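Chemist: For reference, the sequence and a predicted model appear below.
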Amino acid sequence: MQRRSYLAAMAAMFTGTKAAFSQPAPKNPIVLYCDLSVDAAHEKLMLDNFHNIFKPAATKFAGYMDVKLLKLRTVYSGSAPVNVNYRFQLTYENEELRQKWIKSDVHQKVWPTIENQLASKDYATLLFDSK
């Protein structure tokens, strides 16, 4: 029984410490989407580069909130964009901080590790405001 009490106390302490150092999330972040056509022959390399190069670099920049790479599974209604098999999703606190990220030397080095694996560099890029 003492072990459970100890574990509960440790969990409560960790949660409290984490909350004390956490910053409140911005109310209206921006979300950028890129609809990508990933070359099947380069898919594994692109995924490795995303997880091991791009994402670790992106997380270090001010304003970064989240980045995801989504693989299209099923179209339930309407039609998917032609040849799109992945959607890149980047969430930032605001557009000004995202611009600093994309203009950085780091971004100039890490984005091509993704982009060079695409079947086409002619992809749609959409910027949304969270409301």
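Modeler: Arrived safely.
Chemist: Could you look up the SS state of the residue nearest to the spatial centre of the chain?
Modeler: Taking Cα atoms, centre = their mean as the criterion, V67 is the residue nearest the geometric centre of the chain, at 0.5 Å. Following DSSP: H, G, I helix; E, B strand; the rest coil, we place V67 in the strand state.
Chemist: For it, list the residues it contacts.
Modeler: Going by Cβ atoms under 8 Å, 6 or more residues apart in numbering, V67 touches 54-55, 58-59, 88-91. For glycine as for every other residue, the C-beta is placed from the backbone atoms N, C-alpha and C.
Chemist: and if you look at K60?
Modeler: Counting by Cβ under 8 Å, 6+ apart, K60 touches V106.
Chemist: again with E115
Modeler: Contacts were defined as Cβ under 8 Å, 6+ apart; by that measure E115 touches K121.
Chemist: residue boundaries of the helices in the protein?
Modeler: In chain order, the chain shows helices spanning 2-21, 43-49, 55-58, 95-102, 105-110, 112-115, with DSSP state H as the criterion.
Chemist: Could you list the low-pLDDT ranges of the protein?
Modeler: Where the chain drops to pLDDT under 70, the residues are 1-26.
Chemist: Against N85, how distant is D129?
Modeler: D129 sits 27 Å away from N85 when distances are taken as Cβ to Cβ, to the nearest Å.
Chemist: Tell me which of those two has more neighbours.
Modeler: Taking neighbours as other Cβ atoms under 10 Å, D129 and N85 compare with N85 leading, 18 against 10.
Chemist: Let me see the contact set for that one.
Modeler: Counting by Cβ under 8 Å, 6+ apart, N85 touches 36-38, 71-72.
Chemist: By neighbours, which of the residues you listed wins?
Modeler: Neighbour counts for these, by other Cβ under 10 Å, peak at L36, which reaches 28 neighbours.
Chemist: Find the nearest non-adjacent residue to that one, please.
Modeler: On the basis of Cβ to Cβ, 6 or more residues apart in numbering, the spatially nearest residue to L36 that is not a chain neighbour turns out to be Y86, at 4.3 Å.
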